[in-house]
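S.K.: Just need the structure, nothing else, for what follows:
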Amino acid sequence: MQRRAFLKQTALGAAAGSAVLAVPAIAQDAPNLTWRLVSDFSADAPALFAGAADVARYVAEVTEGRFNIEVFPAGQLFQPGQALEAVQHRIVECGHAASARYFATDPALCFDGGVPFGLNTRQMNAWMRKGEGLTLTREAFAKFGILNFPCGYTGAQMGGWFRGEIKTVDDLRGLKVAADGFTGHILSRLGATPVDIPAGDVHAALAQGLVDGAATIGPFEDERFALFEVARNYYFPGWWAGTQQLSLYVNQDAYGELPKSYQTALSLACAAACNDMIATFDANNPVALRRLASQGAQLKAYPRPVLQAAHEATLAACSELSAKDAMFKKLYDSMLAFRNTQVPWFRMAEGSFDNMVATLGARGV
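M.R.: Predicted structure coming up:
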C-alpha cells in the first residue's frame, strides 16, 4: 500500500502536463492524444532505453504527430522496477521493461523476458509471434490489466564479470553477485548471494568489495561501466539469457480507448523497435568485445561442470514453481516444447553454417 501511494503521489506532479482523453475525442478517426511512458532503463543506456524512444518516434511518424508518447527514463517519474505497477494502476499509460525483473512479483512473467537455458533471439521471436508465447504471456499479464508487446532483444548475453576465477561450483558459494530476477534465484541455489543494485553502482560495489561479481548483458552495454578495471574475468556463455526480450507494457483500458489505427501503429512501432535493438547489439557487440579485451578483460568460458550445475538448479527451480503455479507451468511447458523442436534445427542449419564460414570462409569468400 505504501508503494502504491508513493507511485501515485510521484506521478501527480507530471499529470498536469499530460493530455486528458475526453469522450468526444474517441469518436474522432484521428484524435490528438498524448501518452506517458516510463522506462525501467536510464537514458544513458545506449541500446536499452532507445527501445522506448524508438516506439515513441515511430508512433508519432505513422500518425503524423497526432498520437504522441512522452518518454521518461528511469529516475524521473519512477525508479527502475516500478514500471509494471505504474502501468497497472494507469498512473501512466505504458511502460518499457524487461519482465525478468519482476520475478518476485510473479515468476510466470519471466517468460516474457527470458529464462535460464531458455530460447535464443530467433526462437523467442518465433515463439512469441508464431507460437503460443504472446497468447500465454498476455494471459499472465491479464491479472495486472496489462497488454505486453515484444519491444526489443539483447541477443545472447555474456556470463558476467567476476573478481576471481570460477573454476568449480564451489567457487560460486559465498560470492555476492549483482543480479536480480530469475538469474538471482538460480545463483542463490548455487550458493551465491544475489544483490540487487543499479547498473551504474556496480563498478563502485566491485571496487569496494561489496560484491564479487555481476551478471550483466554484453559487451556493448557493459563497456560504459569499465568493469574490467575492478573485475577482469569476463565469462561466457550467459546461461541465464539466450536472449532478453524487452516489452512495452500497455494499460488495457487505455489501449481499448485507442482508435484501431493507433492500436496498429503502436504494435508496428514495437515490432520495428525489436528489429532496431537486436541490430544495434549485433552490430556493436563484436567491436566492443575487442575493445574490452584490449583494455584487460580476460575472456573465460564457464567450465562444463559449472554449466551443468546451473542447468540442474534451473530444472529443479522450474519443477518447484510449476508444481505450485499453474500459469508458470503452462508457460514453461510451452516454451520447453518449442525449444526442443527448435534446437535440433538450429544446430543442423544455423550452427553448421556458422561453423563452416568460421573455418572455410575465414580468408574471404
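S.K.: burial of residue 210, as a residue count?
M.R.: By the measure other Cβ atoms under 10 Å, the count of residues near residue 210 is 14. Heads up, the C-betas are built off the backbone N, CA and C, glycines and all.
S.K.: For it, give me its contacts.
M.R.: Neighbouring residues of residue 210 by Cβ atoms under 8 Å, 6 or more residues apart in numbering: 176, 195, 204.
S.K.: Narrow the residues you listed to those that are buried.
M.R.: 176, 195 (16 or more other Cβ atoms under 10 Å).
S.K.: mind giving me CSV with the contacts of residue 210 and columns for pLDDT?
M.R.: Rendered in CSV, the data for those read as follows (pLDDT from 0 to 100):
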residue, pLDDT
176, 98
195, 97
204, 97
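S.K.: gap between the closest residue to residue 303 other than its chain neighbours and residue 235?
M.R.: Counting by Cβ to Cβ, 6 or more residues apart in numbering, residue 303 lies nearest to residue 167, which is 6.2 Å off, once chain neighbours are set aside. Look at residue 167 and residue 235: by Cβ to Cβ, to the nearest Å, they are 11 Å apart.
S.K.: Looking at the two, which is more packed in?
M.R.: residue 235 (22 against 12).
S.K.: So what sits opposite residue 195 in the bridge?
M.R.: Beta-bridge partners of residue 195, counted by DSSP bridges, are residue 178.
S.K.: how about it, what does it touch?
M.R.: Neighbour list for residue 195: 176-179, 205, 210-211 [criterion: Cβ under 8 Å, 6+ apart].
S.K.: just residue 277 next, same as before
M.R.: Residues in contact with residue 277, defined by Cβ under 8 Å, 6+ apart, are 47-48, 50-51, 54, 151-154, 246.
S.K.: Figure out how far the helix or strand harbouring it is from the centre of its chain.
M.R.: Under the assignment given by DSSP states H and E, the secondary-structure element containing residue 277 is helix 260-294. On the basis of Cα atoms, centre = their mean, to the nearest Å, helix 260-294 sits 12 Å off its chain's mean C-alpha point.
S.K.: Grab the nearest non-local neighbour of residue 190.
M.R.: Take residue 190 and drop its neighbours on the chain: the residue closest to it by Cβ to Cβ, 6+ apart is residue 172, 4.9 Å away.
S.K.: measure the residue nearest the centre of the chain to residue 248 for me?
M.R.: The geometric centre of the chain, computed from its C-alpha atoms, lies nearest to residue 98 (Cα atoms, centre = their mean), at 3.2 Å. Between residue 98 and residue 248 the computed distance is 11 Å (Cβ to Cβ).
S.K.: for residue 79, same thing?
M.R.: Using Cβ to Cβ, residue 79 is found at 19 Å from residue 248.
S.K.: Look at these two and report which has more neighbours.
M.R.: Taking neighbours as other Cβ under 10 Å, residue 79 and residue 248 compare with residue 248 leading, 28 against 15.
S.K.: For the more buried one, list the residues it contacts.
M.R.: For residue 248, the residues meeting the contact criterion (Cβ under 8 Å, 6+ apart) are 37, 52, 55, 94-96, 148-149, 151, 266, 270, 273.
S.K.: 6 Å instead, please
M.R.: Contacts of residue 248 were listed using Cβ atoms under 6 Å, 6 or more residues apart in numbering, and they are 94, 96, 149, 151, 270.
S.K.: Correct me if wrong, but the fourth one is in a strand.
M.R.: This points to residue 151. Yes: under DSSP: H, G, I helix; E, B strand; the rest coil, residue 151 sits within a strand.
S.K.: Next one: it from residue 263, what distance?
M.R.: In this view, residue 151 and residue 263 are 15 Å apart by Cβ to Cβ.
S.K.: Give the residue from those two that has the larger number of neighbours.
M.R.: For residue 151 against residue 263, the residue with the higher neighbour count under other Cβ under 10 Å is residue 151, and the figures read 26 against 15.
S.K.: Check the gap between the more buried one and residue 53 for me.
M.R.: Using Cβ to Cβ, one gets 11 Å for the distance from residue 151 to residue 53.
S.K.: Neighbours of residue 182, how many?
M.R.: Burial of residue 182, expressed as a neighbour count using other Cβ under 10 Å, amounts to 29.
S.K.: a helix runs through it, doesn't it?
M.R.: Yes: Residue 182 forms part of a helix when assessed by three-state DSSP.
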